[in-house]
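Peer 1: Sharing a model prediction with you, sequence too.
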Amino acid sequence: MYDVLVLGGLGVDVRVRVPGLPLPVVDSVTVEPIDLRIGNTGAGVALAAHALGLRVAVVDTIGADPAGDVVRAALGRTGVYAVLTEDPAGTRRSVNLVDPAGRRMSLYDPRSAGGPAPFPAAQLAALAHDSTHVHLSIMAWVRDLLPAIGDVLGEGVGTSTDLHDWDGQNAYHRPFADLAELVLVSGTALGDRARAVAAVLAPRPVLVTHGADGADLHLGGRVSRVPAATPPGPVVDTNGAGDAFAAGILAARLRGATWQEAVGYAARVAAAACTHDGMEYPPGLLPLP
C-alpha cells in the first residue's frame, strides 16, 4: 500500500549557478561546478513526500541514457518504488539557472517521443487502487490515460495536480484540473484571472502559488492568503520548492490536518527545501507534520 503514487514528471536538472539574472550578453561566463542530478516536478513531489515519511511510488518513462542512469540511481538511494519504461527520445531534462539569491530560471526539454501510452491502463489502475492518493504530473502520456483510470481515482483515492504556469485558458491542462480534487497552479501567468479560474474549478480547493510571496487558498468561495515561511537557513536553491510545497500539503492532509493547517505546514516544508541544494533531502531537513 502506498500513501502517494506519482504519475509522470521524472527527469534531470542541470543546475548552473550564475552571477545574476538576466545573464549579460557576453561570450562566456565562468561559473561554479555544473551538477547533473535528479529533478523535474514528479521527482520533486516524490522525493519530498518520501522525506516526509510517506510511502511513495512513482511511474514514468525515462531514457536509456546517462541522464536516465542519474534518475535510477537517485530513486534507488531513497527506496522510492519506481515503475519505469524506456522512452526512445531520452530522459527529460532542465537547465536551471540559479542566481545568488536562489532565484531560478528553468529551460525545459520535454524529450517526448509521442505515440501510444507507455503503460497499460490496467497496470496504472491497479497501482492507483493500492494507493491512498495519486498526484498527476502534466505529462502527455498521463493525460492520454486519464479517461481510463478516472473511475479508479474516484473510488476513495485522493487526487491532485500541479498545473504550473497555466494561463487559465490552455485546453491541454483542463483534463488534469477536472479530474483532480486538489489543484495547484502558479499565479505567474494567471495574473488577475486567478479568482475567476478558481471559481470555475470549484468546489475543489485551488492553491495559487506566488513563490516568496506565499500562496492563496481558494476554498468554498473564499480566499485565504498563506504567507511564505521563513527559511531555517540561507536560501541555496528554490528549485523544487513548489513540489515540496505540494508534498507537504499531501502529507498533512493524509494525517488529518485541515486545509488551512496543511497549507501553513506546506509553506514551512517549501522554505526548508530552499536551504538544500537538490531534491535528495537529508533526514531531518524537512519538518515532519
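Peer 2: Ah, there it is.
Peer 1: Which residues lie in contact with the nearest residue to C274 once chain neighbours are set aside in this structure?
Peer 2: Using Cβ to Cβ, 6 or more residues apart in numbering and skipping residues adjacent in sequence, the residue nearest C274 is V235, 4.8 Å away. (Each C-beta comes from the backbone N, C-alpha and C, glycine too.) By Cβ atoms under 8 Å, 6 or more residues apart in numbering, the residues touching V235 are A101, G102, C274, T275.
Peer 1: Now do V235 against T78, distance only.
Peer 2: Distance, V235 to T78, using Cβ to Cβ, to the nearest Å: 24 Å.
Peer 1: ok, back up a step: quick one, which of the contacts of V235 are buried?
Peer 2: Among the contacts of V235, the ones that count as buried by 16 or more other Cβ atoms under 10 Å are G102, C274, T275.
Peer 1: among those residues, which are in helices?
Peer 2: The members of those all map outside helices under DSSP state H.
Peer 1: Show me which of the contacts of V235 is closest to D243.
Peer 2: Proximity of the contacts of V235 to D243 (Cβ to Cβ) peaks at C274, which lies at 11.8 Å.
Peer 1: Please tell me I have it right and the closest one contacts T230.
Peer 2: No. With contact defined as Cβ atoms under 8 Å, C274 and T230 do not form a contacting pair (10.4 Å).
Peer 1: Distance of A194 relative to V31?
Peer 2: The gap separating A194 from V31 is 36 Å, by Cβ to Cβ.
Peer 1: who's more crowded, these two?
Peer 2: A194 (20 against 12; other Cβ atoms under 10 Å).
Peer 1: Run through the strands of the stretch 1-150 of the chain in chain order.
Peer 2: With strands called from DSSP state E, counting those that start in this stretch, the stretch 1-150 of the chain shows them at 2-7, 11-17, 35-39, 56-62, 81-86, 93-98, 104-109, 131-136.
Peer 1: Same check on the stretch 151-289 of the chain?
Peer 2: Under the criterion DSSP E, counting those that start in this stretch, the stretch 151-289 of the chain contains strands at 158-162, 182-186, 206-209, 215-219, 222-226.
Peer 1: would TSV of these with mean neighbour count, mean pLDDT and distance to V45 be doable?
Peer 2: Output for those, formatted as TSV (neighbours: other Cβ atoms under 10 Å; pLDDT from 0 to 100; distance: least, Cβ to Cβ, whole Å):
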stretch	mean neighbour count	mean pLDDT	distance to V45
strand 158-162	24	96	8
strand 182-186	23	96	10
strand 206-209	24	96	14
strand 215-219	22	95	16
strand 222-226	13	93	19
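Peer 1: Thank you, goodbye.
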